[in-house]
Structure formats: structure tokens, C-alpha cells
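Visitor: return atomic coordinates for the entry below.
(chains A and B)
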Amino acid sequence: MAANSTFERVSGLGWLQGFENLLSHELARWWKTRMWWIQCLLWSILTVALLNLGGEPDRSFAAMMFGQLTGVFQAVGVIVIMQGALLDEKIDGRAAWILSKPATRPAYILSKLIAYGLGMLVTMVLLSGVILYTAWLIQGTTLPGPIHFLKALGVISLSHLWYLTLTLMLAVLFSNRIVILGFSGGLLALSDNLARYTPVGVLLPWNLTVAGWGTERSPLIDLLSGQPIDSFLPNLGVVAAECVLFVLIALLRFNRQEL
Amino acid sequence: MNISTPFVIETHELSKTYRDIEALKPLSLIVRQNSIFGFLGPNGAGKTTTIKLFLGLIRPTAGSATIFGMDSVRQSLDIRTRIGYLPQDPRFHEYMTARQVLHFVARFYFNKPKKAIEERINEMLELVDLSGKADRPIRTFSGGERQRLGIAQAQVNYPDLLILDEPAASLDPLGRRDVLEVMSRLRQYTTIFYSTHILDDVQRVSDTVVILNKGQLVAEGPIENLLSGGEGVAYIVHLRGQVEEARKQLLSQPWVSGIVDGQHNGDSAWQVSVSDPQTAEAQLFRLLANCPIEVTEFRRRRYELEDIFMKVVEGEPNGRQ
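Guide: Coordinates of the predicted model:
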């Protein structure tokens, strides 16, 4: 049909064509549906319950449990939410439909990564962090400095990002939900043993949040206690590098995937 | 449309193999501008595979396809700016409304002005009779309403090529009629390439047809040629009286290649095959009128598309027309 000259057409965005539209679509899925408040409600309740914030103030216990909350419960949440983000659309044909429009595959993948990353950052990491900080403030507990606290939230975000990118990559590589959930969930379930008994532990984000075996230390716990985390930097670096690797694999593989 | 009409789609030995399965055997076809091109075949014939190859959603194993003169693999993004596509089983995000879906699609093509985009969306909603449900979530839509929304979203961008994968499959007879009417109306603006297994639809709106079976092209041509059959032109003549005299007269003509006898309600029913359709059209009836017989029926034989389809799909390829 003859192009209607009334419109200003989208053009010249190269490998990211369609990204802005896709990102706003993915963000709307988080923030214009029930999803955001269901997540907020869930993580608020779990934070208050697990950290025993209504009980006797115990900062080291709360820090330890905060590690468990973010490193185990929220990691499960990330995997569960993320596995369907791409897989559902691949299976029911929405991915093919969207990519029949002038949108690139990297734009499609990156829009999901950013929107889901932001959604989880706000509804899981920030919200739980704010609840913990507010509770400590009310309880009159000695507070870690704001920079340390923000760094602690950064560590949690990195841990979540690892599960998020891993699950995204698996959803690109496989079209079977059981495989995706089994692999990422299995890795999470085995993390404690892998970190304790094998050198593979350094490749996992497990001990970024959850206390290491016999040490009661993790970057998260140390930061919440106001301590430096220099000794953990290699682990942080490896996990960050893996996130980049997972995203690259997802982008490269999805670019050649048949939909 | 004539031979000089530009091509919109051109494929050369385009094929697709999944491991050992040849989903599409080497396919060469041409789709001309402003045609309604019916892509016909039973389930699993390779129709959707071909469409996905055009859209760059899958890569060919061999051969090539050009759309608007651009390569379907290397220039897929540019091609997709000029295409509207309706998937076979359109799925949308259930929480979105029809209007939101159309906005989402429109934003892939247009930046502004907002008012014109809104008008275009309203126009599309009206076209598919969804204005009254535009702001309801899609999870409340019936299958037919989803299909109509699919047709609307495929046209938001004023496509130069509309690719419809089974557009009428889940519609009731009235819905089907409406879709076919929309397609006929759009012919003046765009080229329509659509796959279907509903033969009646193809016969009603298509001007060119390809029949695929088991990944292979088994018949191709303008619909009129296909409907006249692949065995040459023939006339059906029912007559009574001195039929032997008439038979002699006809068989003495060099352009009559044979007569097949039959009976119909006590009359002789002939199928007269001719080798020169133009001469036959000019002379056959006149010749019969001069014989001592009474002609009760006279018509050119016309196949129903279903006959052609069954014939080629059941393994009697009648070749390209």
C-alpha cells in the first residue's frame, strides 16, 4: 500500500531498531499490570517474616537472613519469572509475530533483559532493602553507611542478574521449560554443596549473598556490617563476567534461531 | 495485471530442510504486484514454512527469495518495514486491549503525529468491526475477534505486501465473507499473499494460485487457467435428436480432438475436447445449431478448484498451467 506521507516513519536505528517500542512494551508488562504489586506484596511479606523484623532487633541475624532471602528465595523468584518471559512467546508464536515487524532480535532480547532487570531490581532488591533499612532505623540498630548499604544492594542485584541472564540464555537455547527450570533451579539447589566442596563455587553467585560455609561471611553480609569486601572482588568479577557472557551467548544464538 | 507487472516476491529454488525432513522442496515462484495470490495446500504442505522464509524468521537451506527486489535473509529488516503479517494462530498479550496492540504495532513503523496514528488505529478497528471492543482486554475476545484483530494489526502500516497465514481459518461463514471482502478491497493498494486450505475462498478472491503438497509445488497458475483444467479446453454438450450426424460433423473439424460420450436424463451428454479454443468458441455452437439436433445444454467445462486440488494432492500432478 502506498506509504502514507502524513506519518513520520521510524528509521535508521540499525541493530537496535524497535528497541524503544519493545522496551516500553516490556516495561508496561511490569508496571501497567498486576505484576508489580503482586511482586511487591510477596517480597514485602517475605522480608518482614524471614528477617523477624517485628521481633527483637538482631542485626547479624537479620543480615544473615537477608542473604538467605535474596540469595535463595529471590533467586528462585528470578528464575521462575524469567523462564517464561521468552519461552512463552517462543512457544505460542508471539516472538515470531513481533519479529515479523521491523524489530531486530538483539532489540527483542535486550528489551526483555532491561525491563525484567529493572522490574526485579525495584520489586525485589530495592523494596526489600528499603524495608530492612527502615526497620533498622526504627529499631535504632547501628546502620551501615548509605554507600555500604547501596553497595550491598548492588551485590544482590549482581546475584539476581546472574540468574536472570542465565535463565534468559537457557530460554534461548532450549524450548523446554523443564530443562530451563531444571538447569537453573538445579544449579541453585546445588550451589551450597558446589561452593563448599568444589572449586566451581567461585563461578556461582551463591556466596555473594549467602554466608560461606563456616565463615558466616559474604560480600552482602560484610557490607551490611560496614566491612570492606576486597577479598570477594574476584568472585564478584567472575560473576559479572559470566553475566556478560550469558547475554552474548543469548544474543548470538537468538540471532540465528528459527522461530 | 499483465506480464509487465512488477514482481513483489520472487523465489529461486527456495528450500528448507529440518534434519532429514524436507519441509519445502526447491520452490520457484513469482508474485506480481497487486495480485491476490492464493497459497494452497493441506496441513503440513510447507505453506507456513514458506511464509516464515519470506519474513526472515527462518533461513533457507538452499535457494533464495527476494521481496521488493531485496534478499529475504540479508535485507529482512527493510523488507519487514513494508510487510503486514497475520500469523496462522494469532496470539497477543492477553492483558492488552485491541487498541494497545494496534498502538504497539504502529510504533514499530511510525513516530508521529499521534493524532494521525490514533486515526489510523480507529480506522483499522472499524474495518474489522472491533470498535466497540477496542478497550477490552484480549483475554475476553473470541477466536474470531482475535483473528479480526490480527487482520487489523497486519494493515496498520499501509503494507505494500500483506502476508496472511490462514486468515479465515477460525472464522464463521459471515466472518469469512467479511475477510474476503476486505481482501478484495485492499487489492488496489497492496499485494496479498495468503495461505489457506479453504478452497472456496481461493476460488472467490484469488487471481493466481499455487498448490503445495508435501513441500512441493504441484500446480501453479492464474485461477482461470487452473479452473479450466490441465487437460486442455473442453465443452459440455447435452443434446437429443440425430446425434450421430452431429458427431460426424464435429469429428470432421481439425480443432476437435475427441468426444467422450455419456448420458444425462435421457439426453446424450458429450464432452467435446478441442485443440484450438478460440476457433471452438467461435464455431462450435454454430456447427451444432446447423445439425438436426436439439441442444439442451452447452457450456465450457469448468473444474471446481476442489477437483484440481484433490487431483494434484492425491498424486496426479497436472503440471503448471
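
Visitor: is chain A contacted by stretch B:168-187?
Guide: Yes. Stretch B:168-187 comes into contact with chain A (C-beta under 8 Å from any C-beta of the partner chain), by way of residue B:186. From N, CA and C alone the C-beta is placed, and that goes for glycine too.

Visitor: residues in contact with the residue nearest in space to the middle of chain A?
Guide: What sits nearest the mean C-alpha location of chain A, by C-alpha atoms, centre = their mean, is residue A:160, with 3.2 Å. Applying C-beta atoms under 8 Å, 6 or more residues apart in numbering or on different chains, we find residue A:160 in contact with A:70, A:74, A:75, A:78, A:117, A:120, A:121, A:124, A:125.

Visitor: 7 Å instead?
Guide: Residue A:160 makes contacts with A:74, A:75, A:78, A:120, A:124, A:125, as judged by C-beta atoms under 7 Å, 6 or more residues apart in numbering or on different chains.

Visitor: isn't residue A:92 right up against residue B:93?
Guide: No. Residue A:92 lies out of contact with residue B:93 (C-beta atoms under 7 Å); the separation is 10.3 Å.

Visitor: more neighbours: those two, which one.
Guide: Using other C-beta atoms under 10 Å in any protein chain shown as the criterion, residue A:92 and residue B:93 rank with residue B:93 on top: 20 against 14.

Visitor: for the more buried one, pull up the helix or strand it's in.
Guide: Following DSSP states H and E, there is no helix or strand that holds residue B:93.

Visitor: mind pulling up the pLDDT for it?
Guide: pLDDT recorded at residue B:93 is 93.

Visitor: the residue nearest to residue A:123 when sequence neighbours are not counted: neighbouring residues, count only.
Guide: Excluding the flanking residues, the one nearest residue A:123 by C-beta to C-beta, 6 or more residues apart in numbering or on different chains is residue A:39, at 3.8 Å. Neighbourhood size, residue A:39 [other C-beta under 10 Å]: 19.

Visitor: for residue A:39, give its distance to residue A:77.
Guide: 8 Å (C-beta to C-beta, to the nearest Å).

Visitor: identify the contacts common to the two.
Guide: In contact with both residue A:39 and residue A:77: residue A:124, using C-beta under 7 Å, 6+ apart.

Visitor: in helices, which of the contacts of residue A:160 fall?
Guide: Here DSSP state H is the test, and those give A:74, A:75, A:78, A:120 as lying in helices.

Visitor: what segments of the chain are helices?
Guide: Using chain A. A:19-31, A:35-50, A:59-68, A:74-92, A:94-98, A:105-120, A:127-139, A:146-173, A:177-197, A:206-209, A:219-224, A:233-255.

Visitor: if you could check chain B rather than the one you did, that'd help
Guide: Counting by DSSP H, chain B has helices at residues B:47-55, B:76-80, B:98-106, B:114-127, B:143-155, B:173-186, B:199-205, B:223-227, B:243-251, B:277-289, B:305-313.

Visitor: next, format these as TSV and append distance to residue B:167.
Guide: TSV is the format used below for those (distance: least, C-beta to C-beta, whole Å):
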stretch	distance to residue B:167
helix B:47-55	12
helix B:76-80	19
helix B:98-106	16
helix B:114-127	13
helix B:143-155	6
helix B:173-186	5
helix B:199-205	8
helix B:223-227	17
helix B:243-251	46
helix B:277-289	34
helix B:305-313	17
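
Visitor: for the ones you listed, give me JSON lines that also has mean pLDDT and mean neighbour count.
Guide: Converted to JSON lines, the helices of chain B look like this (pLDDT from 0 to 100; neighbours: other C-beta atoms under 10 Å in any protein chain shown):
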{"stretch": "helix B:47-55", "mean pLDDT": "95", "mean neighbour count": "25"}
{"stretch": "helix B:76-80", "mean pLDDT": "94", "mean neighbour count": "22"}
{"stretch": "helix B:98-106", "mean pLDDT": "97", "mean neighbour count": "22"}
{"stretch": "helix B:114-127", "mean pLDDT": "93", "mean neighbour count": "16"}
{"stretch": "helix B:143-155", "mean pLDDT": "90", "mean neighbour count": "23"}
{"stretch": "helix B:173-186", "mean pLDDT": "82", "mean neighbour count": "16"}
{"stretch": "helix B:199-205", "mean pLDDT": "80", "mean neighbour count": "20"}
{"stretch": "helix B:223-227", "mean pLDDT": "74", "mean neighbour count": "19"}
{"stretch": "helix B:243-251", "mean pLDDT": "89", "mean neighbour count": "15"}
{"stretch": "helix B:277-289", "mean pLDDT": "89", "mean neighbour count": "15"}
{"stretch": "helix B:305-313", "mean pLDDT": "74", "mean neighbour count": "19"}
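
Visitor: go through those and name the closest to residue A:258.
Guide: helix B:47-55 (7.8 Å; C-beta to C-beta).

Visitor: that closest one - contacts with which helices or strands?
Guide: strand B:7-18, strand B:21-32, strand B:62-67, strand B:161-165, strand B:191-196 (3 or more C-beta pairs under 7 Å, 6 or more residues apart in numbering or on different chains; DSSP states H and E).

Visitor: run the last query once more with 8 Å
Guide: Here helix B:47-55 touches strand B:7-18, strand B:21-32, strand B:36-40, strand B:62-67, helix B:76-80, strand B:83-86, strand B:161-165, strand B:191-196, going by 3 or more C-beta pairs under 8 Å, 6 or more residues apart in numbering or on different chains; DSSP states H and E.

Visitor: and the second one, which strands flank it?
Guide: If you go by DSSP bridges, strand B:21-32 pairs up with strand B:7-18 (antiparallel).

Visitor: got the angle between the partner strand and strand B:62-67?
Guide: 150 degrees (axes from the mean of the first three to the mean of the last three C-alpha atoms, to 10 degrees).

Visitor: quick one: buried residues of strand B:7-18?
Guide: Neighbour-count burial for strand B:7-18, counted by 16 or more other C-beta atoms under 10 Å in any protein chain shown, picks out B:8, B:9, B:10, B:11, B:14, B:15, B:16.

Visitor: near the residue nearest to the fourth one when sequence neighbours are not counted, how many other residues are there?
Guide: Read that as residue B:11. Nearest residue to residue B:11, sequence neighbours excluded (C-beta to C-beta, 6+ apart): residue B:65, at 4.4 Å. With neighbours defined by other C-beta under 10 Å, the count for residue B:65 comes to 22.

Visitor: so how far is the first residue of stretch B:266-286 from its last?
Guide: 23 Å (C-alpha to C-alpha, to the nearest Å).

Visitor: any idea how far that stretch is from the chain center?
Guide: Between the centre of stretch B:266-286 and the centre of its chain there are 30 Å (C-alpha atoms, centre = their mean, to the nearest Å).

Visitor: show me what contacts the closest residue to residue B:26 other than its chain neighbours?
Guide: Distance criterion C-beta to C-beta, 6+ apart; nearest residue to residue B:26, sequence neighbours excluded, is residue B:13 at 4.0 Å. When contacts are counted by C-beta under 8 Å, 6+ apart, residue B:13 touches B:26, B:27, B:28, B:62, B:63, B:64.
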